[in-house]
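Novice: I would like to see how this sequence folds:
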Amino acid sequence: MNRLIMLIVLIVMVAIGVFATVRKDQADMPVLQRIKPLQSDLQHIGDSTKIHSIYIFKNDFEKFNKVVLKDSLLAIIFVGTDFVMIPKRVLAFKNIENLWFMNCTLPDMDSLVLMFKQLKKLKELYFYKTPVPEFPIQFSELTSLKTLLFNELNLNSTPVEGVLPSSIETIEYSNSKIKHFNLSSFPENLVSLEITDCKIRNFCGEIKSNNFEHLKVLNVKLDGLKAKKVIAGIRNCEEITGISIIYCNLTEIPVDLIEMKSLKWIDISGNKISELTDNLLNLSDSTMLWIDENPIRKIPPSLTEWLKKRRIEKKDFIRKKKKFTITDTFYLY
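Specialist: Next up is the predicted model:
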């Protein structure tokens, strides 16, 4: 009897361990919040007319080729797959808008672009922990593409000038190592740009102001000098409404920021700013300002009323605020 009990306990422990491992793997995956329901098991697809998105794991291709899915499918998330070529089955879904590649090995980008071009409604490409080959000039022909996301990658270079489609409105580089960041390569209709927690060896080229004519939101989390370079490059943008430059080791508020009259909000929290200057008086009254978590010790008397009007107190400088997120602004759908 004791042996039987021990055997049962052992089986339960193993089952719990497997379950925990699966849950951890699932926890590492981003949730496609705007597309529901999320279907990750191809064996248990019920009414396929209601399936909007699926995860396809390494060993799922045989099942993927057999299952019948209707035109409701909008997104495919490939996970842990080593591609020789992308399955032609993908091309059967003419309404695909989102393709995600997570922990994958991709074929050459030329063949990828040929496939992407056949998906006439493709709006978003997301690469997570997936080596991305150099983008060919043909990539610029993907005129339906709106969003390009790179997360936890090692990139030799960002796309060069003329490669990104002019239709792209949102670009994100996060948690990535980038040797050469091309500042002149941004498409002219860009609305939202995020560069956060990236290790960039050097910037190449200069930001062209006409590339940022429509920029509304900028979120930067880089070291101070690189953050200042990006800010200086967009100082003439007339449509930008929000800038976040948090935890960039800035020791002063960039003058270029204060002179941008179109801004509705500025977040410079978590920097190393120790002194406020009279320049803040030039900030538009309609601009919201977050300066939490800065070691500010010196405030000129001329700013006393200005701070009171904005309901900013000294305790706000050291208080850890509830982080402001631009997620709802960043994803423009």
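Novice: how long is stretch 288-296 from one end to the other?
Specialist: Length of stretch 288-296, first residue to last, CA to CA, to the nearest Å: 18 Å.
Novice: list the buried residues in that stretch.
Specialist: 289-294, 296 (16 or more other CB atoms under 10 Å). For glycine as for every other residue, the C-beta is placed from the backbone atoms N, C-alpha and C.
Novice: just stretch 89-100 next, same as before
Specialist: Buried, per 16+ other CB under 10 Å, within stretch 89-100: 90, 93, 96-100.
Novice: and stretch 305-314, by the same measure?
Specialist: Buried, per 16+ other CB under 10 Å, within stretch 305-314: 306-307, 310, 312.
Novice: from the chain's centre, how far out does it sit?
Specialist: Distance of stretch 305-314 from the chain centroid (CA atoms, centre = their mean, to the nearest Å) equals 33 Å.
Novice: re the thing from before, could you dump the buried residues of stretch 305-314 to JSON lines with pLDDT and distance to Phe150?
Specialist: Formatted as JSON lines, the buried residues of stretch 305-314 follow (pLDDT from 0 to 100; distance: CB to CB, whole Å):
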{"residue": "Trp306", "pLDDT": "87", "distance to Phe150": "40"}
{"residue": "Leu307", "pLDDT": "86", "distance to Phe150": "39"}
{"residue": "Arg310", "pLDDT": "82", "distance to Phe150": "36"}
{"residue": "Ile312", "pLDDT": "80", "distance to Phe150": "36"}
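Novice: domain boundaries for the chain, per the record?
Specialist: 34-123, 146-333 (automatic domain parsing).
Novice: how near is the nearest residue to Leu164 once chain neighbours are set aside to Lys309?
Specialist: Of all residues not flanking Leu164 in the chain, Pro187 sits nearest, at 4.8 Å (CB to CB, 6 or more residues apart in numbering). Between Pro187 and Lys309 the computed distance is 39 Å (CB to CB, to the nearest Å).
Novice: Asn59 now?
Specialist: For Asn59, the distance to Lys309 - CB to CB - is 62 Å.
Novice: where are the low-confidence patches of the stretch 201-333 of the chain?
Specialist: Counting by pLDDT under 70, the stretch 201-333 of the chain has low-confidence residues at 209-211, 316, 318-333.
Novice: again, but for the stretch 51-200 of the chain
Specialist: In the stretch 51-200 of the chain (pLDDT under 70), the answer is 65-70.
Novice: quick one, strands of it?
Specialist: 53-56, 75-79, 98-102, 124-128, 147-151, 154-157, 170-174, 177-182, 192-196, 199-204 (DSSP state E, counting those that start in this stretch).
Novice: who wins for proximity to Glu134 among those?
Specialist: Closest to Glu134 of the strands of the stretch 51-200 of the chain, according to CB to CB: strand 154-157, at 7.2 Å.
Novice: so what does Leu303 look like in phi/psi?
Specialist: With angles defined as degrees, to the nearest 10, Leu303 sits at phi -100, psi 0.
Novice: nearest residue to it in space, please, no chain neighbours.
Specialist: Leu276 (5.8 Å).
Novice: residues contacting that neighbour?
Specialist: Counting by CB atoms under 8 Å, 6 or more residues apart in numbering, Leu276 touches 253, 296, 298-300, 303.
Novice: what's the closest of these to Leu281?
Specialist: Leu303 (7.3 Å).
Novice: okay, now that closest one: neighbour count?
Specialist: 17 (other CB atoms under 10 Å).
Novice: distance of it from Asp292?
Specialist: Separation of Leu303 from Asp292 (CB to CB): 17 Å.
Novice: then Thr130?
Specialist: Distance from Thr130 to Asp292, counting by CB to CB: 35 Å.
Novice: now Pro300
Specialist: For Pro300, the distance to Asp292 equals 20 Å [CB to CB].
Novice: again, but for Ser274
Specialist: For Ser274, the distance to Asp292 equals 14 Å [CB to CB].
Novice: so which of the domains of the chain gets nearest Pro136?
Specialist: Judging these by CB to CB, what sits closest to Pro136 is domain 34-123, at 5.6 Å.
Novice: got a list of what the residue positioned nearest the centre of the chain touches?
Specialist: The C-alpha lying nearest the average C-alpha coordinate of the chain belongs to Glu172 (CA atoms, centre = their mean; 3.8 Å). Listed by CB under 8 Å, 6+ apart, the contact set of Glu172 reads 148-151, 193-196, 330.
Novice: identify the bridge partners of it.
Specialist: Per DSSP bridges, the residues bridged to Glu172 are Leu149, Glu194.
Novice: ditto for Phe101
Specialist: Applying DSSP bridges, one finds that Phe101 bridges with Phe78, Phe127.
Novice: do a quick rundown of the helices in the stretch 1-150 of the chain.
Specialist: With DSSP state H, counting those that start in this stretch as the criterion, the stretch 1-150 of the chain has helices at 2-27, 61-66, 109-118.
Novice: over to the stretch 151-300 of the chain?
Specialist: Applying DSSP H, counting those that start in this stretch to the stretch 151-300 of the chain gives helices spanning 224-233, 255-258.
Novice: surely Met288 touches Ile268?
Specialist: No: using CB atoms under 8 Å, Met288 is not in contact with Ile268; the gap is 11.6 Å.
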